[in-house]
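Visitor: what's the 3D shape of this:
(one chain, ligands or ions: 1)
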Amino acid sequence: NPCFSLSSRVQPDPSGSETCVCLQVEKHLEPFRLSLEKLQDVSARLRKDMLRGLGKHAHHRAAVKMLPTFVRATPDGTEKGDFLALDLGGTNFRVLHVRVLEEEQRVLKMDSQICAIPQEIMLGTGEKLFDHIAACLAEFLDSQKLRGQTLPLGFTFSFPCEQKEIDKSILIRWTKGFNCSGVEGEDVVRLLKEAIHRRGDYDIGSVAMVNDTVGTMMSCGYRDQSCEIGMIIGTGTNACYMEEMKNVKRVEGEDGRMCINTEWGGFGDDGSLKDILTEFDEEVDKTSINPGVHTFEKMISGMYLGEIVRLVLLKLTEEKLLFKGCPSEALLTPGSFETKFISEIEDGLENAKKILTKLALDWDLVDACVARLVCDTVSSRSARLCAAALATIANRIRTNRGLDHLKTTVGVDGTVYRKHPNFSDELQAAVRLLAPKCDVSFLISEDGSGKGAAMVTAVAHICLDINGGSMLTVPNPPYL
Ligand code: BGC
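Guide: Numbers count the residues shown, from 1 in each chain. Here you go, the predicted structure:
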């Protein structure tokens with residue numbers, strides 16, 4: 001415990017008395033520590049918000065959108081062919097060529113290419129963004145010698161969308177640093193097709209829109225048939241799960257289940273999490289490009305965790321509790337403390353020293369210990385909040401089915417979950433406490449946004465032929 005070494009450093013406080021630094025540091029970290037009772041309370045609030053989101057009339061005011069995906073659990077198993085997949089909304093933009101082999105029941109990733117999306121495109125016009133996507137796709141088709149074929153395309157578009165049909169998806173709002181004009185409220189498939197037509201030098205086949213959580217659930221489904229939750233903790237955070245159709249009031253029909261994209265990142269946007277927001281969360285929100293939006297996500301995901309830590313370190317420095325009271329230029333610069341530093345610092349004290357040096361801070365051993373404590377506190381809160389939200393979903397599936405005990409699997413992806421040294425352990429431990437009647441297993445997805453999207457497209461392609469594309473089915477595992 002770094003506090004042991006901290007207790008040796010004593011600091012005069014304004015009242016003239018001397019206080020141990022660890023107590024003063026703790027004063028700033030305490031608001032991040034959420035007790036089990038608090039997490040249970042957060043879970044109860046989310047439960048109510050999920051109901052509101054599912055409701056026919058309450059939906060449009062709901063912070064947690066609970067979007068129907070039109071993916072239903074009706075296994076098929078006849079999918080095959082070549083597909084293109086686009087993946088926009090994570091760390092990188094990717095184009096993929098994927099082959100689904102019916103005989104071998106496997107999905108092969110043939111090739112893929114990563115294209116950067118420069119900041120000016122992320123914040124420019126929608127037309128420029130889709131022109132850029134169409135140009136990357138053209139380049140990829142050439143490199144793969146696929147130009148001339150009109151392949152069906154799975155579009156993993158990881159932003160909140162109101163899905164009208166498989167190939168009609170209206171962007172509700174941008175998240176994660178994107179803010180292209182003229183896209184919110186528009187059909188993303190139409191914008192993509194228009195950009196391709198503007199070029200006029202190639203064409204694509206039918207399009208299926210997929211949220212990354214859904215792709216993740218689908219790509220894990222083949223390995224574990226009880227996978228009925230998909231969760232992402234990366235640049236952004238979100239989860240989807242299989243809900244009973246009779247509870248999905250906005251879609252006709254009572255039978256079977258439908259995958260719901262919860263968009264839990266928006267939890268708290270109506271002020272319901274005010275009591276747990278710290279001054280640092282408020283600052284992160286205020287200085288983001290979308291203030292007031294995606295409150296829950298801003299406490300949890302990779303896009304924001306580094307900035308929260310930077311603000312805490314800065315505050316402690318201003319209070320002369322760190323770095324001899326001298327912040328470096330880097331520490332004063334928004335965005336300079338990358339989220340990956342948190343994982344690295346928590347991984348070992350030597351890493352902490354290297355990173356503090358890189359940030360040109362004048363540190364000593366106690367500073368390095370405090371920096372680690374700050375990282376640990378901020379990432380723990382993220383893991384525990386995710387656990388509260390995930391437990392809400394697991395508990396809901398269990399009660400939906402009238403079960404005393406539920407055994408279920410969550411397909412997971414995202415850099416924070418994958419890369420942080422103890423995030424997954426902490427999350428899983430908290431889920432066990434918050435959903436004691438659920439036995440939840442975790443399966444890391446193998447490219448849900450790529451292969452999962454192709455799989456959804458493969459099924460959609462068949463459904464398009466059968467019934468005009470009004471329904472998507474989850475394919476029969478095993479597939480990969
Ligand atoms: C988006 C979700 C997405 C999540 C993870 C959020 O910002 O709103 O649609 O699933 O990020 O990528």
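
Visitor: and the residue lying closest to residue 384 once chain neighbours are set aside, what is it in contact with?
Guide: The shortest distance from residue 384 to any non-neighbouring residue, by Cβ to Cβ, 6 or more residues apart in numbering, is to residue 430 (4.9 Å). The way it works is simple: take the backbone N, C-alpha and C, and place the C-beta from them, glycine included. By Cβ atoms under 8 Å, 6 or more residues apart in numbering, the contact list for residue 430 reads 39, 383, 384, 387, 388, 391.

Visitor: Those residues, buried ones only, as a ChimeraX selection?
Guide: Buried residues among the contacts of residue 430 (16 or more other Cβ atoms under 10 Å), as a ChimeraX selection:
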select :39,383,384,387,388,391
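
Visitor: okay, now the nearest residue in space to residue 419 that is not next to it in sequence: neighbour count?
Guide: Nearest non-adjacent residue to residue 419, counting by Cβ to Cβ, 6+ apart: residue 343, 5.1 Å away. Residues within reach of residue 343, counting by other Cβ atoms under 10 Å, total 22.

Visitor: what separates whichever strand or helix holds residue 343 from the chain centre, distance-wise?
Guide: Per DSSP states H and E, residue 343 falls inside helix 339-347. Relative to its parent chain, helix 339-347 has a centroid offset of 19 Å by Cα atoms, centre = their mean, to the nearest Å.

Visitor: Does the next helix or strand after that helix pack against any helices or strands, and if so which?
Guide: Once the chain leaves helix 339-347, the next helix or strand it forms, by DSSP H and E, is helix 349-358. On a contact count with 3 or more Cβ pairs under 8 Å, 6 or more residues apart in numbering; DSSP states H and E, helix 349-358 meets helix 339-347, helix 365-400.

Visitor: ok and the residue in the stretch 351-480 of the chain nearest the ligand?
Guide: residue 414 (7.0 Å; Cβ to the nearest ligand atom).

Visitor: Check the burial of the closest residue to that residue other than its chain neighbours by counting its neighbours.
Guide: Sequence neighbours aside, residue 234 is the residue nearest to residue 414 in space, at 3.0 Å (criterion: Cβ to Cβ, 6+ apart). Neighbours of residue 234 under the rule other Cβ under 10 Å: 25.

Visitor: Please apply the same query to residue 423.
Guide: Other residues close to residue 423 by other Cβ under 10 Å number 22.

Visitor: what's the answer for residue 223, then?
Guide: Neighbours around residue 223, by other Cβ under 10 Å: 16.

Visitor: In contact with the closest residue to it other than its chain neighbours: list those residues for me.
Guide: Distances taken as Cβ to Cβ, 6+ apart put residue 443 closest to residue 223, at 6.2 Å, once the chain neighbours are dropped. Contact analysis of residue 443 by Cβ under 8 Å, 6+ apart lists 220, 223, 224, 227, 409, 410, 411, 412.

Visitor: Quick check: the third one vs residue 136, distance?
Guide: The spacing between residue 224 and residue 136, counted by Cβ to Cβ, to the nearest Å, is 33 Å.

Visitor: more neighbours, the two?
Guide: In this view residue 224 and residue 136 are compared by other Cβ under 10 Å, and residue 136 has more residues nearby, 19 against 16.

Visitor: Would you agree residue 303 falls within a helix?
Guide: Yes. If the criterion is DSSP: H, G, I helix; E, B strand; the rest coil, then residue 303 is within a helix.

Visitor: list the contacts for it?
Guide: 176, 177, 235, 236, 297, 339.

Visitor: Kindly report the same for residue 191.
Guide: Residue 191 sits in contact with 126, 127, 130, 183, where contact means Cβ under 8 Å, 6+ apart.

Visitor: Just to check, the third one is in contact with residue 197?
Guide: No. Applying Cβ atoms under 8 Å, one finds residue 130 not in contact with residue 197, separated by 10.7 Å.

Visitor: higher neighbour count, the two?
Guide: Higher neighbour count among residue 130 and residue 197: residue 130, with 23 against 10, using other Cβ under 10 Å.

Visitor: For the ligand, see how far away the closest residue to that one other than its chain neighbours is.
Guide: Nearest non-adjacent residue to residue 130, counting by Cβ to Cβ, 6+ apart: residue 195, 3.7 Å away. Distance from residue 195 to the ligand, counting by Cβ to the nearest ligand atom, to the nearest Å: 21 Å.

Visitor: Helix, strand or coil: sort out residue 195 for me.
Guide: helix.

Visitor: mind listing what it touches?
Guide: Applying Cβ under 8 Å, 6+ apart to residue 195 gives the contacts 127, 130, 131, 133, 134.

Visitor: 6 Å instead, please
Guide: Neighbouring residues of residue 195 by Cβ atoms under 6 Å, 6 or more residues apart in numbering: 130, 131, 134.

Visitor: can you check residue 94 too?
Guide: 87, 112, 114.

Visitor: three-state assignment of residue 402?
Guide: coil.

Visitor: I'd guessed residue 393 sits against residue 240; true?
Guide: No. In this structure, residue 393 is not within contact of residue 240 by Cβ atoms under 6 Å, at 9.0 Å.

Visitor: At the contact with the ligand, which residues of this structure appear?
Guide: Applying Cβ under 6 Å from any ligand atom, we find that the chain lies next to the ligand at 89-90, 158-160, 175-176, 211-213, 232, 234, 236-238, 263, 265, 297.

Visitor: returning to what we had before: list only buried entries from the contacts of residue 443.
Guide: Here, 16+ other Cβ under 10 Å leaves 220, 223, 224, 227, 409, 410, 411, 412 buried among the contacts of residue 443.

Visitor: number of nearby residues for residue 56?
Guide: Neighbours around residue 56, by other Cβ under 10 Å: 10.

Visitor: re the thing from before, what's the helix or strand for the residue nearest to residue 384?
Guide: helix 423-434.

Visitor: And that helix, how far out from the chain middle?
Guide: Worked out by Cα atoms, centre = their mean, helix 423-434 lies 17 Å from the chain centre.

Visitor: rounded to a whole number, what's the mean pLDDT of the following helix or strand past it?
Guide: The element immediately downstream of helix 423-434 (helix or strand, assigned by DSSP H and E) is strand 438-444. Strand 438-444 carries an average pLDDT of 97.

Visitor: just the helices in the stretch 51-200 of the chain please.
Guide: Along the stretch 51-200 of the chain, counting by DSSP state H, counting those that start in this stretch, helices occupy 119-122, 126-143, 188-199.

Visitor: Include mean pLDDT when you put the ones you listed into TSV, please.
Guide: TSV is the format used below for the helices of the stretch 51-200 of the chain (pLDDT from 0 to 100):
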stretch	mean pLDDT
helix 119-122	93
helix 126-143	96
helix 188-199	96
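
Visitor: ok so, going back, so can I have CSV of the helices and strands packed on helix 349-358 showing mean pLDDT?
Guide: As requested, the helices and strands packed on helix 349-358 are exported to CSV (pLDDT from 0 to 100):
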stretch, mean pLDDT
helix 339-347, 97
helix 365-400, 97
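
Visitor: ok and the residue in this protein nearest the ligand?
Guide: For the chain, Cβ to the nearest ligand atom, closest residue to the ligand: residue 236, 2.3 Å.

Visitor: which regions of the stretch 151-300 of the chain sit below the pLDDT cut-off?
Guide: 222 (pLDDT under 70).
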